[in-house]
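**Student:** need coordinates for the below:
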Amino acid sequence: MQTSAGVSGTPGRPSSGAVRSRTALGLVVVLIVACFAALTPSPARAADQLLSQGRPATASSTENASFPASAAVDGDTGTRWSSAFADPQWLRVDLGSTQQLTRVSLNWEAAYATGYQIQTSTDANTWTTVYSTTTSTGGTQNINITGSGRYVRVYGTARATPYGYSLWEFQVYGPGSTTPPDDFWGSTSDIPAANNAVEVKILNRTNGKYPDSQVYWSFNGQTHSIAEQPYLDMPANSAGRMYFYLGSPNGPYYDFIEFTVGNNVFNGNTTRVDAFGLKLAMRLHSKDGYDTEVGENRATFAEDRATTFQRFTDAVPSQFKVLAQTQAPYRIIAPGSDPSFRAGGANANYFTSYAQSVGVNAATSDIFGCAAALAANPDMCAALNRHVATLPASQQSDPAQFYKAAPANYYAKFWHDNAINQLAYGFPYDDVAGQSSFISHASPQWLLVAVGW
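**Tutor:** Numbers count the residues shown, from 1 in each chain. Next comes the predicted model:
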């Protein structure tokens, strides 16, 4: 941990005679300096701003649904995040853009960390440690740091108790200056104020493949191209979908986002549960400053569609390659929809032995689709898809353990690997342990939806 720069050591003391002989000159210098100081305003330093409150938070695990990652950044000292009972564990917050950082505050519950690190990152993949300790005593700790990052996490390496790591609040502070945003989302200053629940703006991110006049959106009986109408003043609605088409208003290149919008809340997600049709990303901004994005990452948007299909084929095991062929070039379908994984198909028993090893008798297609008996067992369905069902319960919510061996849902893995913050809906219960692309926040202001090729 660094401190403010300054001159170290104690200045030498002059003799008493030297002090007396320089007294008059010293008074003159003091007066001149005082006058100069009065005429020259000193630079003011803005007070640190709390950057983390209400921002999206993710954790390596949670003890259970009562102690989510979001509870550590909600400003409520009566709610908390609690991890699984194992080392290491981490909690990270997404500040929305790269910020200069000055300090963090940790308000530990009784289950605190004796050893932990504060780390920063610009991409949630490569981390820089800005503070480290192995002798923490818990309680409330205010730590000065120097650095920058969009993502800040506390990375616990040693627990003080047999329980997990538990934080009432994790607060990150800085001056509030941001780096310029990338141009993917473009300007947001021209978005009209919503008269209804939230203002939606659709963006053409097909890299010149289609003009705005051939990028269409469809919602609640309305269909328009971006050229005609790039905005939708979305009213409150229940279980809605907004469709996007390329080339023609009902063409074979299409996809959708899902949402439920209340008068003062947005709940929604991008989804790969059924198939991949178009590259999609969405960014929600709320009136309280909350700002987050989900969907395919920038690199995936930047590449040609044929490259995405080929990368999928190269990334998945042989049983899954057919998913990029059955409906190509329009869609990469989910495994539960492909005949090869259904009764009578070549891969119908893909999950059978593994599922039976944990006492589950379910068809492979039902495991991929979290259907039949698994419809009421989200934890088990997620564990089977991620190949963590035979691990201790404390590890089944750790993303570092997911998809390490077959059988697993490698279709879902591909979309996680190519998503913003590795969050995607690759199967129906992908929200277990907070791994889905679901966004929920009050006071929505606007929603950007990027449509790619």
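**Student:** for the helix or strand hosting residue 310, list every residue counted as buried.
**Tutor:** Residue 310 is part of helix 305-315, with elements assigned from DSSP states H and E. Neighbour-count burial for helix 305-315, counted by 16 or more other CB atoms under 10 Å, picks out 305, 308-309, 311-313, 315. The way it works is simple: take the backbone N, C-alpha and C, and place the C-beta from them, glycine included.
**Student:** try stretch 323-335
**Tutor:** Per 16+ other CB under 10 Å, stretch 323-335 contains these buried residues: 323-324, 327, 330-335.
**Student:** need the max-distance pair from those.
**Tutor:** Maximum pairwise distance among those (CB to CB): 17.2 Å, between 330 and 335.
**Student:** and the nearest residue to residue 127 once chain neighbours are set aside, how far from residue 51?
**Tutor:** Leaving aside its sequence neighbours, residue 127 sits nearest to residue 119 (CB to CB, 6 or more residues apart in numbering; 4.2 Å). For residue 119, the distance to residue 51 (CB to CB, to the nearest Å) stands at 16 Å.
**Student:** just give the strands next to the helix or strand that the helix holding residue 310 is followed by in its sheet, each with its orientation.
**Tutor:** Using DSSP H and E, the helix or strand that directly follows helix 305-315 along the chain is strand 332-333. When pairs are called by DSSP bridges, strand 332-333 turns out to pair with strand 275-276 (antiparallel).
**Student:** what element comes up after the strand it pairs with heading to the C-terminus?
**Tutor:** strand 280-286.
**Student:** contacts for that following strand, please.
**Tutor:** 185, 188, 205, 244, 255, 257, 266, 268, 270, 290-297, 301, 420, 439, 441-452 (CB atoms under 8 Å, 6 or more residues apart in numbering).
**Student:** need the buried ones from those residues selected in ChimeraX.
**Tutor:** Buried residues among those (16+ other CB under 10 Å), as a ChimeraX selection:
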select :185,205,244,255,257,266,268,270,290,291,292,293,294,295,296,297,301,420,439,441,444,445,446,447,448,449,450,451,452
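**Student:** rewinding a little: let me see the contact set for the residue nearest to residue 127.
**Tutor:** Contacts of residue 119 (CB under 8 Å, 6+ apart): 127-130, 152-155.
**Student:** quick one: which of those has the most company?
**Tutor:** residue 152 (29 neighbours; other CB atoms under 10 Å).
**Student:** please name the nearest non-neighbouring residue to that residue.
**Tutor:** In space, residue 152 is closest to residue 172, 4.8 Å off (CB to CB, 6+ apart).
**Student:** what does residue 213 give?
**Tutor:** residue 227 (4.1 Å).
**Student:** that neighbour is in contact with residue 212, isn't it?
**Tutor:** Yes - if you go by CB atoms under 8 Å, residue 227 and residue 212 touch, sitting 4.0 Å apart.
**Student:** which residues does stretch 330-346 contact?
**Tutor:** Looking at stretch 330-346 with CB under 8 Å, 6+ apart, the contacting residues turn out to be 252-253, 272-277, 309, 312, 319-320, 322-324, 326-327, 347-348, 350, 363-366, 368-369, 371, 409, 411, 426-427.
**Student:** can you go through those and name the buried ones?
**Tutor:** 253, 272-277, 309, 312, 319-320, 322-324, 327, 347-348, 350, 363-366, 368-369, 409, 411, 426-427.
**Student:** all helices of the stretch 1-150 of the chain, in order?
**Tutor:** 16-21, 23-39 (DSSP state H, counting those that start in this stretch).
**Student:** er, the stretch 201-350 of the chain I mean
**Tutor:** Counting by DSSP H, counting those that start in this stretch, the helices of the stretch 201-350 of the chain are 298-302, 305-315.
**Student:** format these as a markdown table; extra columns: distance to residue 394.
**Tutor:** Shown next, in a markdown table, are the helices of the stretch 201-350 of the chain (distance: least, CB to CB, whole Å):
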| stretch | distance to residue 394 |
| --- | --- |
| helix 298-302 | 33 |
| helix 305-315 | 29 |
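**Student:** mean pLDDT and distance to residue 359 added to those, as TSV?
**Tutor:** Below are those laid out as TSV (pLDDT from 0 to 100; distance: least, CB to CB, whole Å):
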stretch	mean pLDDT	distance to residue 359
helix 298-302	95	38
helix 305-315	98	31
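**Student:** and stretch 299-308, how far out from the chain's middle?
**Tutor:** 21 Å (CA atoms, centre = their mean, to the nearest Å).
**Student:** same question for stretch 78-85.
**Tutor:** With CA atoms, centre = their mean, you get 19 Å for stretch 78-85.
**Student:** residues making contact with it?
**Tutor:** Contacts of stretch 78-85 (CB under 8 Å, 6+ apart): 57, 59-63, 67-72, 89, 91, 109, 111, 156, 159, 162-168, 170, 393-395, 397-398.
**Student:** may I have the secondary structure class of residue 400?
**Tutor:** helix (DSSP: H, G, I helix; E, B strand; the rest coil).
**Student:** tell me the pLDDT at it?
**Tutor:** Residue 400 carries a pLDDT value of 88.
**Student:** please apply the same query to residue 179.
**Tutor:** pLDDT, residue 179: 46.
**Student:** do the same with residue 38
**Tutor:** pLDDT at residue 38 comes out at 36.
**Student:** now do residue 43
**Tutor:** 37.
**Student:** where are the low-confidence patches of the protein?
**Tutor:** Residues of the chain that meet the criterion pLDDT under 70 lie in 1-47, 177-182.
**Student:** contact partners of the strand or helix carrying the residue nearest to residue 152?
**Tutor:** Element membership for residue 172 (DSSP H and E) is strand 166-174. The contact list for strand 166-174 (CB under 8 Å, 6+ apart) reads 48-53, 57, 63, 67, 72-73, 75, 77-83, 91, 93, 95, 99-112, 152, 154.
**Student:** what remains of those residues if I keep only buried residues?
**Tutor:** Buried among the contacts of strand 166-174 (16+ other CB under 10 Å): 51-53, 57, 63, 67, 72-73, 80-83, 91, 93, 95, 99, 101-104, 106-109, 111-112, 152, 154.
**Student:** of the residues you listed, which belong to strands?
**Tutor:** 57, 81-82, 91, 93, 95, 99, 101-104, 106-108, 152, 154 (DSSP state E).
**Student:** just the closest of the residues you listed to residue 402, please.
**Tutor:** residue 91 (18.0 Å).
**Student:** picking that back up, helices or strands up against the helix holding residue 310?
**Tutor:** On a contact count with 3 or more CB pairs under 8 Å, 6 or more residues apart in numbering; DSSP states H and E, helix 305-315 meets helix 410-417.
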